[in-house]
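Student: need a structure here:
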Amino acid sequence: MIQHRSIKKILWGQPYDMGGFPIRQPLPSLGVDQIDPFLLLHHARLDVSADIPVSEQGVGPHPHRGFSPVTFLFEGGVHHRDSAGNDSCVYAGGVQWMNAGSGLIHSERPPQDIQARGGVQELIQLWINTTAQNKMDAPLYIPVAAEQMPVISFNNTSSSIRVVAGELNGVKGAIEPLFPMQAFMGQMETGESYFFPIPNNHVALLYVLSGKLQLGNNSDQIVADFEAAWMYEDGEGIDVSVLKNARFLLVTGQPLNEPVASRGPFVMNTQADLLQAFKDYQAGKMGELVE
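Tutor: Below is the predicted model of the structure:
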């Protein structure tokens, strides 16, 4: 008999104003600074103004070093530019995966055609830590369009699971991560169910953008809008049953078990490395981004 993982803690997506942007933040949460290797999860649903140029909306140029900021697109799109010369738009169903490595500057704006696509951006940004040996790698930006994403479909429904990283029942993800981890974007209709196998040495976090799910065969294990379920490592996977049409992100990963020193846009292992990151940024060593 399959042993289903049980919920360790429900993390509420607390509303925050992040520099004028309304977001939900289940991680970090009260009493939970990180779930190694996952550092931060922001869920944003934003109305893009038709009266302001898109070049003046979104998030302007800012630096990163030492981790992977990953953006999962559920509605609308994001225009990414960075100091390494990358310039691309990714739309709903796609992902922008960036390994910040030794550092670069990037911006995240709405695309020029956002109004033709409904004028709404809905996304999750997940900060994934990287090992000490990879923190000073050359930066790498990987855009994955919706049509490039491996998808598991369900018969006669609009339900689907997008395999972003890792592998799910023989379907290999679009991204080859720097260490063992998985990421799946789910959109499932009421009454559907799916079993997600999880390696026994992985932590698992499931965030619900909308809808209602039961995890496993226990009717008490319910997770709904703006909630994240942090799972115990006590089973072979998670059986997801949809009680109300749902969209969700499931990520699993092998803990790095390394010290974390973070402040603002940088995530390093020591305070000395963190101070050096700020010095390098101020000295222009992460490049320049002129939009």
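
Student: Unless I misread the structure, residue 157 falls within a strand.
Tutor: No - using DSSP: H, G, I helix; E, B strand; the rest coil, the assignment for residue 157 is coil, not a strand.

Student: ok, now which ones touch the nearest residue to it once chain neighbours are set aside?
Tutor: Spatially, and ignoring its direct neighbours in sequence, residue 157 is nearest to residue 189 (5.1 Å; C-beta to C-beta, 6 or more residues apart in numbering). C-beta coordinates here come from the backbone N, C-alpha and C atoms, glycine included. Applying C-beta atoms under 8 Å, 6 or more residues apart in numbering to residue 189 gives the contacts 154, 157-159, 242, 245.

Student: And the residue nearest the centre of the chain, how close does it get to residue 27?
Tutor: Compute the mean C-alpha point of the chain, and by C-alpha atoms, centre = their mean the closest residue is residue 126, 3.1 Å away. Distance from residue 126 to residue 27, counting by C-beta to C-beta, to the nearest Å: 9 Å.

Student: what does residue 234 give?
Tutor: For residue 234, the distance to residue 27 (C-beta to C-beta) stands at 20 Å.

Student: do the same with residue 220
Tutor: 22 Å.

Student: ditto for residue 77
Tutor: The gap separating residue 77 from residue 27 is 24 Å, by C-beta to C-beta.

Student: again with residue 269
Tutor: Distance, residue 269 to residue 27, by C-beta to C-beta: 20 Å.

Student: which of these two has more neighbours?
Tutor: Each of residue 269 and residue 27 has its neighbours counted (other C-beta atoms under 10 Å); residue 27 has more, 21 against 18.

Student: For the more buried one, give the beta-bridge partners.
Tutor: Listed by DSSP bridges, the beta-bridge partners for residue 27 are residue 41.

Student: hang on, isn't it packed against residue 249?
Tutor: No - using C-beta atoms under 8 Å, residue 27 is not in contact with residue 249; the gap is 11.5 Å.

Student: so what's in contact with residue 126 and residue 27 at the same time?
Tutor: Common neighbours of residue 126 and residue 27 (C-beta under 8 Å, 6+ apart) are 38, 40-41.

Student: Residue 30 - how many residues pack around it?
Tutor: 7.

Student: Please determine how far it is located from residue 171.
Tutor: Counting by C-beta to C-beta - residue 30 and residue 171 are separated by 36 Å.

Student: Downstream of the biggest strand by length in the chain, the next helix or strand is which one?
Tutor: Using DSSP state E to define each element, the chain has its longest strand at strand 237-253. Going down the chain from strand 237-253, the next helix or strand is strand 261-263, by DSSP states H and E.

Student: Which residues belonging to that following strand are considered buried?
Tutor: Using 16 or more other C-beta atoms under 10 Å as the test for burial, strand 261-263 gives 261-262.

Student: ditto for stretch 9-29
Tutor: The neighbour-count check on stretch 9-29 (16+ other C-beta under 10 Å) flags 11, 13, 23-27, 29 as buried.
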